Every structure is written in C-alpha cells, then in structure tokens.
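[1] this one's structure only:
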C-alpha cells in the first residue's frame, strides 16, 4: 500500500467484451471511468486502447486484476492480453500493481465471498455522482452480464489500490 | 503528481451533460457545437478566457480547479520569474513589494506537486 495519496492511478479490467478503465487521483477522486467494447482482434485492439489511455492520462501506476491468483479463472485470451499489457507497461517504466478479486471483496465488502452486484452497489454508494446512474439492474438467471459491469470491475480495482482509512 | 491540463470531462459527466449541450451553454454557433467542447476536453484546444469563465459558471467549480494542469504550469512559471525579479537591484527598496515577490517565488516550494 502507498502512503502518498498524490498519484494518478489507471485501473484496467480486461474482460470478454473489451475492457473497463478507471482513473483515480486519490481515494475519493474518481476522474474517469468508462467501458470500451472491442469487437474484432480483441487483444490487439485492447492493447492499442491501453496505450492511448496511458498516453492521455499519464498515470504513475497501472492497476490490473491478478489473473493468475488462486481465486481467479480467466480465459486464455485474457491471460495473454494481461501478459502483453504487463510487458508493455514494464517497457514504459510504469509501475504495475496486481490486485486479486478476493482483495477487492475483502476491502469493499469486508468478507472473502460476495457477488459482483454487491461490489457494484458498494461502489455506487461510495461514488454516487459518478456511478449512481450507471449501476445495472440485478442480473437474473436468463440475462447476460451487463456491459456496464466492466466499469465497476475497473473502479473496484482502483478503489482497492488506496490504503483503507480507519 | 502533475495534474491533467483540464478536468472538463470529469465535471461534465458529473452533471450528466452532453458535449452538444455544453457547447450550446457556451454559446458556440453552428451544427458541430460539441466538437469544440470535445477538443477542449481532449487538450487539443486552449479555450478562450470567455469560454473558461463560462465553464466555471456551468460546472460551478473555479477555473483553477477546472484547468488544474494549466494553473500549475502558470504558477510554476510565475514563481520562476519572481525568483529572477527578487535578485534585481532596485533603487528605492519597497518592503511590501519585496514581500510579495518573495511570496510568489516561494510558491513552487510550497506546492511540491508542481
């Protein structure tokens, strides 16, 4: 965990439809959060977007999900994309921080088990202005995952990066 | 940390306004009102003083906060010039003037984020 709160953090959540990203400049300052859908050549397209985001926001630290953690299952394509992003970031001398889904749940929900919807609702409460309207309805068994959930995955990573204030 | 040149997009999203709507509020003419707002948000265009003040009115935040990066840059430049001015020899020393210049020159060290 960092002690200095004056850094810009770019969190990227690579997912099946594309990627979600969030930029934070402190534990309470969410600068941007967007989901980017990529239709074809997903890994090439996603890496190009990551490069654009880094160029635009000039973050000090890149936060990514830990796809190799014991509690995480990810498709081979996403693991490859993750590897490519980490390799590229290291070439750019960008600090990379990996956060597992359990760390997100522990910090946001206070327990190791929980749904993505619960995490999203916690984040919407924390950032009501930025995320309140973007909270998707509760997913039913016959529904696909809402594309807006990518945003909450990325914001969750960025929010957990900062040390918890007691 | 160096601030972004501006935080216009963050503030616009906070109010759920579209670029077109902000363009209209700014009083921009023509069909592509949103384009200029888009260019402002992507740091491709420096808005005029009139536009900057209009942004302050629309978003309810001071200009120095909306254009934090540009403000930091200006502050740094002024502090550097104030240091030069501080070393100038003056015929009639003025205490108030000297204090103001020293205060300006110290601004860079007060804000280590610059």
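    That came through, no problem. On a predicted model such as this, the values are computed, not experimentally measured, just so you know. Numbering: from 1, shown residues only, chains lettered A, B, ... in the order given.

[2] ok and the residue in chain B nearest chain A?
    Residue nearest to chain A within chain B (C-beta to the nearest C-beta): residue B:1, separated by 4.6 Å. C-beta coordinates here come from the backbone N, C-alpha and C atoms, glycine included.

[3] per-residue pLDDT, residue 22?
    Assuming you mean chain A. Looking at residue A:22, its pLDDT is 94.

[4] right idea, wrong chain: chain B
    At residue B:22, the model reports a pLDDT of 93.

[5] just residue A:16 next, same as before
    On the pLDDT scale, residue A:16 is placed at 88.

[6] what about it, how many neighbours?
    Residue A:16 has 12 neighbouring residues, counting by other C-beta atoms under 10 Å in any protein chain shown.

[7] What values do phi and psi take at it?
    The phi/psi pair for residue A:16 (degrees, to the nearest 10) reads phi -60, psi -30.

[8] check contacts around the residue of chain B closest to chain A.
    Neighbouring residues of residue B:1 by C-beta atoms under 8 Å, 6 or more residues apart in numbering or on different chains: A:6, A:7, A:8, A:25, A:60, B:113.

[9] which among these gets closest to residue B:10?
    For the contacts of residue B:1, the residue nearest residue B:10 by C-beta to C-beta is residue A:25; the value is 9.6 Å.

[10] where along chain A do the helices fall?
    With helices called from DSSP state H, chain A shows them at A:42-57, A:76-91, A:101-109, A:116-126, A:128-131, A:149-161.

[11] Could you grab the helix/strand/coil label for the residue of chain B closest to chain A?
    coil (DSSP: H, G, I helix; E, B strand; the rest coil).

[12] got it, and residue B:12?
    helix.

[13] swap in residue B:61?
    Strictly by three-state DSSP, residue B:61 counts as coil.

[14] Kindly confirm my reading that residue B:52 forms part of a helix.
    Yes: per three-state DSSP, residue B:52 lies within a helix segment.

[15] The longest helix along chain B: what's the following helix or strand?
    Determined from DSSP H, the single longest helix within chain B is helix B:68-87. Next helix or strand after helix B:68-87 toward the C-terminus (DSSP states H and E): helix B:95-110.
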